[in-house]
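Participant: pasting the sequence and the predicted model now:
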Amino acid sequence: MRKSTAIILLIIFLVCAAGAAFASSADALLIEGDWAVKAARKDKRVTDRNDHYAIALRVYQRVAGDDKYAGTPEGALALQKIAWTSWIRWQVEHDTSYLYAAHDALKRLINGYENIKSDDLSKAEVDEIASLVADAKKLDDQIKTQLNKENSSKTLYQIMDVLVKATGSRRTFSYWFAIILLTVIIKIVTTPLTKKQFKSMKEMQFIAPLVKEIQAKYKGDQAAIGQKTMELYKEHNINPFASCLPILIQMPILWMMFMMMRQYEFQLQNGTFAWIGSPLSHWQQVNIPFSHGLVWVTARNLAEPDLILVVLYLISMYFSTKMSAVDPTQAEQQKMMAIMMPLMFGFIFAGYPSAFLLYWLTLNILQTVQQYYILHKPARAGAMLTPIPTVEPPQTPMPDEPRISRGRSGSRRRRRR
């Protein structure tokens, strides 16, 4: 009996010791970060001050990003300290990147801890987290107001603002309509590039059978296959890299649209679209990898991520990628690409504002329709490419005709004169 009692007491002691060690390790890191912040505020040299701030943020991020502190007061407090440190740095240096860092940390705190319910937390810990969330909302309101003020003088913000105000800034219409209208305008402007891209893809489709014949003929000789294929491209005036150039040119446009949505983010909180902002808003959260954290399946407004839009985008990209297949010799690779590419982009875009996803989805739908029309429409008379001759194997010289010997009758055939 005494032995069993001693074992129970030992287990209780170990559990308490582990809990104390867990808390003390987080507390020690947070105190270390606080000391670095204090040192930074005392430093007069810019380089020393920035070094101390960097140390503090690195320590806070270590706690906030550690899975063992997720859902605990320590994890929530670390996010709050990241926000406060970034807010203090902006007050000194007036760099908007610090405002965005503070806003992103507060979003993680509010979205991840607002409705937290855990059997592993005491009532005091739940109350502490609730207090941290309430403070985070107040600070986030200040930061959003300041960011909106900073961004309102920028060109991309003003373009979006003009389009929204042109339709009366109506919550259920103006914001999504401005995004789609802007997408259509961009698509019209970039249509010549798109046509050039798809024209190159169509030319590649025409010569695909010839490329296949070359690969079969010189099987195993990669140097010869490459040489003959390039000769084939040159013969028919085809640039195999022509379809890549329009994509590279459109990348700055994509970045511009992302920055526009980023700058106009706090105005987009007033906009809705279909199920976004409906009674289905914030129906369910899903934990997305690659640092996106918890993301709503249905967003409350166009500034929040929305997983339904992500799924729709994946579907549209699947058909677009599948339609782009031009080489029948690589059917398996292209089939795999049609699946892997949408999934990869889905993980990348899962945490982006739904306004940006709406732009990207609309653009992809318009491009897919245009792609189908260019690649699969019947060609008009005279509009086809130059007929491509088939590749024939080289002619080997015929052996000399054998001399005709005497037949059984012993007579020789004589040539008629």
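Facilitator: Okay, I see it. Numbering: from 1, shown residues only.
Participant: with adjacent residues omitted, what lies nearest to residue 174?
Facilitator: Among residues not flanking residue 174 along the chain, residue 167 sits closest, at 4.3 Å (CB to CB, 6 or more residues apart in numbering). To be clear about C-beta, it is placed using only N, CA and C from the backbone, and glycine gets the same treatment.
Participant: right, and the one you found touches residue 175 too?
Facilitator: No. Using CB atoms under 8 Å, residue 167 and residue 175 do not qualify as a contacting pair, with a distance of 9.1 Å.
Participant: what ranges does the stretch 201-350 of the chain have for its helices?
Facilitator: 222-235, 244-263, 265-268, 307-323, 331-349 (DSSP state H, counting those that start in this stretch).
Participant: what is the mean pLDDT for the third one?
Facilitator: Right, helix 265-268. Averaged across helix 265-268, the pLDDT comes to 93.
Participant: roughly how far is it from the heart of the chain?
Facilitator: The chain centre lies 20 Å from the centre of helix 265-268; the measure is CA atoms, centre = their mean, to the nearest Å.
Participant: residues making contact with it?
Facilitator: If you take CB atoms under 8 Å, 6 or more residues apart in numbering as the criterion, helix 265-268 is touched by 144, 147-148, 160-161, 164, 175, 261, 301-303, 353, 355.
Participant: using PDB, list the CA coordinates for it.
Facilitator: Only the C-alpha atoms of helix 265-268 are listed here, as PDB (Å, rounded to 0.1, in the frame of the first residue of the first chain):
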ATOM      1  CA  GLU A 265      -7.400  45.400 -47.900                       C
ATOM      2  CA  PHE A 266      -9.200  47.400 -45.100                       C
ATOM      3  CA  GLN A 267     -11.700  48.800 -47.600                       C
ATOM      4  CA  LEU A 268     -12.400  45.300 -48.900                       C
END
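Participant: in it, what's buried?
Facilitator: For helix 265-268, the neighbour count (16 or more other CB atoms under 10 Å) marks 265, 266, 267, 268 as buried.
Participant: tell me the one of those residues nearest residue 134?
Facilitator: Residue 134 lies nearest to residue 266 out of the buried residues of helix 265-268, by CB to CB, at 20.0 Å.
Participant: if I look at residue 108, how far off is residue 282?
Facilitator: Between residue 108 and residue 282 the distance is 16 Å, computed by CB to CB, to the nearest Å.
Participant: again with residue 175
Facilitator: In terms of CB to CB, residue 175 sits 19 Å off from residue 282.
Participant: just residue 118 next, same as before
Facilitator: Going from residue 118 to residue 282 by CB to CB gives 19 Å.
Participant: quick one, which of residue 167 and residue 175 is more surrounded?
Facilitator: Neighbours were counted for residue 167 and for residue 175 using other CB atoms under 10 Å; residue 175 has more, 29 against 13.
Participant: okay, now the unreliable bits of the stretch 251-400 of the chain?
Facilitator: Counting by pLDDT under 70, the stretch 251-400 of the chain contains low-confidence residues at 289-293, 324-335, 337-338, 375-400.
Participant: show me which of the contacts of helix 265-268 are buried.
Facilitator: Among these, the ones that count as buried (16+ other CB under 10 Å) are 144, 147-148, 160-161, 164, 175, 261, 301-303, 353, 355.
Participant: just put those residues in JSON lines and tack on distance to residue 255.
Facilitator: Below are the buried ones among the contacts of helix 265-268 laid out as JSON lines (distance: CB to CB, whole Å):
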{"residue": "144", "distance to residue 255": "23"}
{"residue": "147", "distance to residue 255": "19"}
{"residue": "148", "distance to residue 255": "21"}
{"residue": "160", "distance to residue 255": "15"}
{"residue": "161", "distance to residue 255": "20"}
{"residue": "164", "distance to residue 255": "21"}
{"residue": "175", "distance to residue 255": "21"}
{"residue": "261", "distance to residue 255": "11"}
{"residue": "301", "distance to residue 255": "23"}
{"residue": "302", "distance to residue 255": "19"}
{"residue": "303", "distance to residue 255": "19"}
{"residue": "353", "distance to residue 255": "15"}
{"residue": "355", "distance to residue 255": "15"}
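Participant: show me which of those residues is closest to residue 98.
Facilitator: residue 147 (10.5 Å).
Participant: and the closest one, which helix or strand is it part of?
Facilitator: Per DSSP states H and E, residue 147 falls inside helix 123-151.
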